[in-house]
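[1] Mind looking at a prediction? Sequence and model below.
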Amino acid sequence: MTTSTIASQQAPLGRRVKRFMSDYPLVPLLALLIVLVVALNIIQPGILNQRWVANTVKFAIPLALLAGCQTMTMLTGGIDLSVGTAATMAAFIVATQGAIHDPATAMALALVPALFIGFANGIGVGVFRVHPLIMTLGTSLIGIGCLQVYQRTVIASGAKVPDFLIWLGTGVTGGFPNALLLFVPVAALLIFIQRRTGFGRLLYAIGDNERATRLSGVKYWQVILALYMFSSLLAGVMGLLYIGLIKAPSLSLAEPLVLTSVAAAVIGGTSIFGGRGSYTGTIVGALILQVMITLLTVLQMPEGARRILFGAIILTVTAAYLRIIEDR
Amino acid sequence: MMRHLRQQGWIAGLVVLFVLLFISAKLIQPSYGAGDFGSLARAALPFAFAVAAQTVVVIAGGIDLSVAAMMAVTSVTAAALMAGASPEFALLVVPFVLLMGFSLGALNGILIVVTRVPDIVVTLATLFMLQGAALLILPAPGGGSAEWLRSLIVGTVPLPALPDNVTAWFPKALLLLVVLLGIVWIPLKRSRLGLSIYAIGSNELAAFRSGVPVARTKILAYAFGGLFGAMGGLALTMSTGIGAPIPGPYLMASVAAVVLGGVVLGGGKGGLLGPIIAVFVLRLARTVLTLLAIDPNVTAIVEGTILVAVVMFGAFIALRSRPA
């Protein structure tokens, strides 16, 4: 203990800062978030008010939920690209069934396809050992196809988003977005699963060394099946929230968020190869991306330049972050 | 030996699948013939180049999410440069665009090597950047294409020694595809670099320890991916006559055909022939479903199911043949 304190005192300042940041990987992320917010306030003075914060949080929550799916699956070295489809299906179905059934039934119906997608993903990845990237791309193709067929059968019935979802998605109570009522328990649950439960430890273990985990008696396919079903269910719930926010059902509702959710998880420090990461980092990652999107909008650049900057920032942040936390 | 047999068996299976699909197309619609084969080849052209791009990268153990965006940016560049220009100028545009694809691909590789960020994240970031660049070059679909370039893929190859009903089966698009892929891929595969690409895909550490220049090989693999992507972009401009800044569905299709073509994700195994045949199988399957007068939306479901089923089957075979 004493030797290590002495060593750290003798080390040069830059090195100590680096080691501190590598021990607390959340610190540089939060610093970046603050820098971005300050930059935003300098570019557009006065933008930083309670309404703006509530709005940013409101739009960051769906992203953070989808990024939660990516965090969980990435812990095992996987990825879930079908989350966009699962979310879109849930959103579209709840809007169309909401016109026929009562909201509770519609919401329950809406989550069924998400579970099917998750089940198929879990069987494919866990039992047949298909690469998760391919498996989830495939199921998302199938899902979108099914949704297009479904769309033609319900075209006459019209769409109605349940009032409860609109309240949850867009409402703000006392300065706090109502969506936090959903997000805080979900985030707490995810963090609890990752830190305190055997299931969470198995996810890290599989991502770290799958072979060793299997040899020590873990039923690999059961863990993977549960994981992907959970991920899809979470995506479905996100879809319900997102339709309350956007209010217009479409067949590509959540699709644009998929790659961004991967970026949020990666920026938040989750390793795409598995075994390392946490949901707290991902939440900050989602907030960073959301603030960045506002920043790029405020700068009033052409759409093309905005995308270029977005890509460049994702890459720079990830590279810098890897440098910091890998320096051990 | 067994591995070799399995590889050939896989390709043979794909060919059989293609023939079966063709026969069923013929059965459903007796007039289905050479002309339709020509349009199939034309429609498959951009897909085939996208798949070639993905194949090289996957064999080297990577994955390229930016392939569709690469095609979009090269396509709009070509279309913007050729709009209203003389046919001779187009002769300069083609090599320029190919060079651009090669360097942008190399940039992908350099970023991966330098930043040490996983390839999937780097190419995700370059996907956004290339998309943005395409939107800056042409904010809306537009531009033009030289007439001689467009005529390269329309019609059939005139073979003087053969009667018309035989030459009808050799569409120019197919010839172009075979020639372009052949002059790049065959020398590449036989070269030292080709061997190195397979080596780093198979086991990067082992390759490094046997003296393979891993960084350089990886950069070049992505550069060749970019070159094929640029060919795909040119093919898009050739077939539509314009350039569109929004990327088409080529990313998903390329990954699907790579897997269906017997290239192992993770690298080191497979060739270019399998994925190319797989592209034609997937395109023909779509045609057959259309001929069956099936709702085009159901076609998407069937395509996805085929992909998933094939991948599961392939993974299952791999599991059985290798003691766990």
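    Looks like it arrived, so ask away.

[2] Which is the succeeding secondary structure element to the helix or strand where residue A:96 lies?
    Using DSSP states H and E, the element containing residue A:96 is helix A:83-97. As assigned by DSSP H and E, the chain's next helix or strand after helix A:83-97 is helix A:103-122.

[3] what inclination does that next one have with respect to helix A:83-97?
    On the basis of axes from the mean of the first three to the mean of the last three Cα atoms, to 10 degrees, helix A:103-122 is oriented at 150 degrees to helix A:83-97.

[4] Do me a favour and average the pLDDT over the helix holding residue A:96.
    Here helix A:83-97 scores 93 as its mean pLDDT.

[5] can I have that helix written out in CSV, keeping just the CAs?
    Only the C-alpha atoms of helix A:83-97 are listed here, as CSV (Å, rounded to 0.1, in the frame of the first residue of the first chain):
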residue,chain,number,x,y,z
VAL,A,83,-33.0,-3.5,-31.8
GLY,A,84,-34.1,-0.9,-34.3
THR,A,85,-36.5,-3.4,-35.9
ALA,A,86,-37.8,-4.7,-32.5
ALA,A,87,-38.4,-1.1,-31.4
THR,A,88,-40.1,-0.1,-34.6
MET,A,89,-42.3,-3.1,-34.6
ALA,A,90,-43.4,-2.4,-31.0
ALA,A,91,-44.1,1.2,-31.9
PHE,A,92,-46.0,0.5,-35.0
ILE,A,93,-48.1,-2.2,-33.5
VAL,A,94,-49.0,-0.2,-30.4
ALA,A,95,-50.1,2.7,-32.6
THR,A,96,-52.2,0.6,-34.9
GLN,A,97,-53.6,-1.7,-32.3
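
[6] in it, what's buried?
    Across helix A:83-97, burial judged by 16 or more other Cβ atoms under 10 Å in any protein chain shown covers A:83-97. Any C-beta I mention is one placed from the backbone N, CA and C, and that applies to glycine too.

[7] any idea which of those residues is the one closest to chain B?
    Here the nearest of the buried residues of helix A:83-97 to chain B, counting by Cβ to the nearest Cβ, is residue A:85; it sits at 10.1 Å.

[8] check contacts around the closest one.
    A:117, A:139-140, A:143-144, A:147, A:254-255 (Cβ atoms under 8 Å, 6 or more residues apart in numbering or on different chains).

[9] Show me what from the stretch 201-328 of chain A comes close to chain B.
    A:259, A:262-263, A:266, A:272-273, A:302-312, A:314-315, A:318-319, A:322 (Cβ under 8 Å from any Cβ of the partner chain).

[10] Buried subset of those as a PyMOL selection?
    In PyMOL, this line selects whichever of those come out buried by 16+ other Cβ under 10 Å:
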select buried, chain A and resi 259+262+263+266+272+304+306+307+308+309+310+311+314+315+318+319+322
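
[11] mind listing which of the residues of the stretch 201-328 of chain A next to chain B are in helices?
    Judged by DSSP state H, those include A:259, A:262-263, A:266, A:303-312, A:314-315, A:318-319, A:322 as members of helices.

[12] For the stretch 101-250 of chain B, which segments count as helices?
    Taking DSSP state H, counting those that start in this stretch as the test, the helices found in the stretch 101-250 of chain B are B:119-137, B:147-151, B:164-167, B:172-190, B:192-202, B:204-209, B:214-240, B:250-260.

[13] related to what we said a few turns ago, among the contacts of residue A:85, which one lies nearest to residue A:41?
    residue A:254 (30.3 Å; Cβ to Cβ).

[14] if I read this right, the closest one contacts residue A:238, doesn't it?
    Yes: Residue A:254 lies in contact with residue A:238 (Cβ atoms under 8 Å); the separation is 7.2 Å.

[15] what residues do these two have in common as contacts?
    A:62, A:66, A:83, A:87.

[16] Just list the residues touching the closest residue to the third one other than its chain neighbours, thanks.
    Computed as Cβ to Cβ, 6 or more residues apart in numbering or on different chains, the closest residue to residue A:83 that is not its neighbour in sequence is residue A:235, at 3.8 Å. Taking Cβ under 8 Å, 6+ apart as the contact definition, residue A:235 lies against A:65-66, A:69, A:80, A:82-84, A:86-87, A:90, A:114, A:254.

[17] How about the secondary structure of residue A:235?
    helix (DSSP: H, G, I helix; E, B strand; the rest coil).

[18] Okay, now the unreliable bits of the chain?
    Because you didn't say which chain, this covers chain A. A:1-10, A:156, A:326-328 (pLDDT under 70).

[19] let's do chain B instead
    Residue ranges of chain B with pLDDT under 70: B:1-7, B:318-324.

[20] And the residue nearest the centre of it?
    Residue closest to the mean C-alpha point of chain B, counted by Cα atoms, centre = their mean, is residue B:51 at 2.3 Å.

[21] any idea which helix or strand carries it?
    Here residue B:51 sits within helix B:34-59, counting by DSSP H and E.

[22] Does the very next helix or strand once past that helix reach chain A?
    Moving toward the C-terminus from helix B:34-59, the next helix or strand (DSSP H and E) is helix B:67-82. No: Helix B:67-82 lies out of reach of chain A by Cβ under 8 Å from any Cβ, never closer than 9.4 Å.
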